[in-house]
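A.B. asks: Pasting the sequence and the predicted model now:
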Amino acid sequence: MELSEEERIGDGEMEDLERSPDFITPSMETPHLRTRFPGMVRQKAYIFDGSGKYYHKEWDLLEGTGNEFCWYHVELPKGDQKLSQYAQYLIDVLCPPLKLQDILSLVSNGPFCGHVDGALVFRVNSAGPASSNFTFRLAARVTENSVITVSLGRVPRLGFSPVGESLLSEIPSVESPSYFGSDRKESSGIVIGEHVLEFLLTMNHSEEADNPVPHTVSNLVVHIIDSHVDQLQDVVTNLEMELDSVELQLDKAGSTLKKQMLDDRRFPKMHLNLQRLLQVIAHGEAVFPRVKEKCSSKHWFASEDVSALEELIGRLRRLKENVGFLANRVTAIQAGLDSWQAEQINRKLYYLSFLSIIFLPLSVVTGVFGMNVGGVPWTGQNDPKIQDGFRNVLFLCLAMLLLVLLCFLFPALYNRFVAWQRNRSIQRSWSLNRRSFLKRTINGPERGGYLRI
């Protein structure tokens, strides 16, 4: 099934390619294949001639011949689908010629790198909700003349563009505000808006924005892994910019914004997203060195591409360190908010205790003088000759208070008594031993052997 012209234009990656002289569309009729899930996945099929040119082709999953090689890419939708549903989508578009073991090796979760049915298969699929922006899935099946890749959603900069014909190669000019009127001067450079600059600043690797057309399968494998690392780098850069803005807001904000951030649980969610991102990077650290090791033994894999893979692995390790720093910053900000919340609670408790100090004596006085002691045992209120019932009630309350205090102080008093008794027994034993020693050394006769100490 061929991608329609409207989809190619709406993708955003192919606009520059249609104006390029290297982009040639062959005139061929593409048969419409019947699928069980039409329109659920996006499919892209390319054929490369090995000299810097490529063409769209029909979705036939055939391998290239000679210097030609083919690339078939499937984009799974980001949503709430189950893993089994994704497997059905791949079975629908990749079988035949792929077998069930190939489908399972491409769609399963977790890291993997190995040979399946004679082809090199590797994946860095992270577990998690597919609708999350921090869940990444990338799997590839590589042979000598074809590459089949599966990704979750669109991967930025996965397409190709001729070098030197992008926005980055233009001479920029500052966008003049409209209120300057006649003072506005004409500039020879291209005007770049502020929102475009903000987008380009998130690309921490502008030198990789122009993707040259691969000449070999090894170039294509490096390009796929490079695009995956670039995507992770973009996510980390966006998190850094978001964290910087949040820190600036916290420095200037009052209690309302801090309380809102605590209620929204913003930083625990951000910390969870960072942990998911660390899991994806850890999968890459586990898989890509094995890919380099297995590809280095292939005769069709160039040595300079092996060096490029080694460089990408180094970038991934540095990216992991950067994500660790971000996680520490998020933890520090959350600790600061927790400390501020504890301080607010302590301040409220201080005000409450201050009010208790004021009203507690009043409560005691009103409670004591408001007691009705008539009929209380041992007060003698039934006998009109005895007028000390109220005093007896106070004595009874005092006795109960002393009993309660004694119950609280009894463990400490018991421990002190036991310690005093132990010290006394030790001193008594030392005194007896000393007397016996003096008696034997001064008054006793000389005897051989050891002295008792």
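C.D. replies: Ah, there it is. Numbering: from 1, shown residues only.

A.B. asks: what residue ranges in the stretch 251-400 of the chain score low on pLDDT?
C.D. replies: Applying pLDDT under 70 to the stretch 251-400 of the chain picks out residues 368-369, 371-390.

A.B. asks: excluding its backbone neighbours, what's nearest residue 305?
C.D. replies: residue 218 (4.0 Å; C-beta to C-beta, 6 or more residues apart in numbering). Every C-beta, even on glycine, is put in place using the N, C-alpha and C of the backbone.

A.B. asks: next SSE after the helix or strand harbouring that neighbour?
C.D. replies: Using DSSP states H and E, residue 218 sits within helix 217-252. Using DSSP H and E, the helix or strand that follows helix 217-252 in sequence is helix 255-264.

A.B. asks: residues in contact with that following helix?
C.D. replies: 249, 250, 267, 337, 340, 341, 344 (C-beta atoms under 8 Å, 6 or more residues apart in numbering).

A.B. asks: Which residue is the nearest non-sequential neighbour of the most centrally placed residue in the chain?
C.D. replies: Taking C-alpha atoms, centre = their mean, the centroid of the chain lies closest to residue 274, which sits 1.6 Å from it. Leaving aside its sequence neighbours, residue 274 sits nearest to residue 327 (C-beta to C-beta, 6+ apart; 4.7 Å).

A.B. asks: Which elements pack onto the helix or strand the one you found falls within?
C.D. replies: Residue 327 belongs to helix 303-369 when assigned by DSSP H and E. Here helix 303-369 touches helix 217-252, helix 255-264, helix 266-295, going by 3 or more C-beta pairs under 8 Å, 6 or more residues apart in numbering; DSSP states H and E.

A.B. asks: could you check the angle helix 217-252 makes with the second one?
C.D. replies: With axes from the mean of the first three to the mean of the last three C-alpha atoms, to 10 degrees as the basis, helix 255-264 and helix 217-252 are set at 130 degrees to each other.

A.B. asks: Just the CA atoms from helix 255-264 would do, formatted as CSV, please.
C.D. replies: The C-alpha trace of helix 255-264 is given here as CSV (Å, rounded to 0.1, in the frame of the first residue of the first chain):
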residue,chain,number,x,y,z
SER,A,255,2.5,30.6,48.5
THR,A,256,-0.4,30.2,46.0
LEU,A,257,1.8,28.9,43.2
LYS,A,258,3.7,26.6,45.6
LYS,A,259,0.5,25.2,47.0
GLN,A,260,-0.8,24.6,43.5
MET,A,261,2.3,22.7,42.5
LEU,A,262,2.0,20.5,45.6
ASP,A,263,-1.6,19.8,44.9
ASP,A,264,-1.0,19.0,41.3
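
A.B. asks: quick one: that helix to chain centroid distance?
C.D. replies: Remark: helix 255-264 is offset 21 Å from the chain centroid, using C-alpha atoms, centre = their mean, to the nearest Å.

A.B. asks: Check which residues of that helix are buried.
C.D. replies: 258, 261, 262 (16 or more other C-beta atoms under 10 Å).

A.B. asks: and the angle for it with helix 266-295?
C.D. replies: 50 degrees.

A.B. asks: quick one: helix 255-264 to helix 303-369, angle?
C.D. replies: 110 degrees.

A.B. asks: pLDDT on stretch 402-420, on average?
C.D. replies: Throughout stretch 402-420, pLDDT has a mean value of 84.

A.B. asks: same question, stretch 133-140
C.D. replies: 89.

A.B. asks: coming back round to it: could the helices and strands packed on helix 303-369 be laid out in TSV, adding distance to residue 400?
C.D. replies: Listed next are those as TSV, based on distance: least, C-beta to C-beta, whole Å:
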stretch	distance to residue 400
helix 217-252	53
helix 255-264	45
helix 266-295	49
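
A.B. asks: Out of those helices, the one nearest residue 315 is which?
C.D. replies: Within the helices and strands packed on helix 303-369, the stretch nearest residue 315 is helix 217-252; the backing value is 5.7 Å (C-beta to C-beta).

A.B. asks: buried ones in the closest one?
C.D. replies: Per 16+ other C-beta under 10 Å, helix 217-252 contains these buried residues: 217-237, 239-240, 243, 246.

A.B. asks: for stretch 304-314, same thing?
C.D. replies: By 16+ other C-beta under 10 Å, the buried positions in stretch 304-314 come out as 305, 306, 308, 309, 312, 313.

A.B. asks: which residues does the first one contact?
C.D. replies: Listed by C-beta under 8 Å, 6+ apart, the contact partners of residue 305 are 216, 218, 219, 221, 222, 295.

A.B. asks: The last one against residue 309, yeah?
C.D. replies: Read that as residue 295. Yes: using C-beta atoms under 8 Å, residue 295 is in contact with residue 309, at 7.2 Å.
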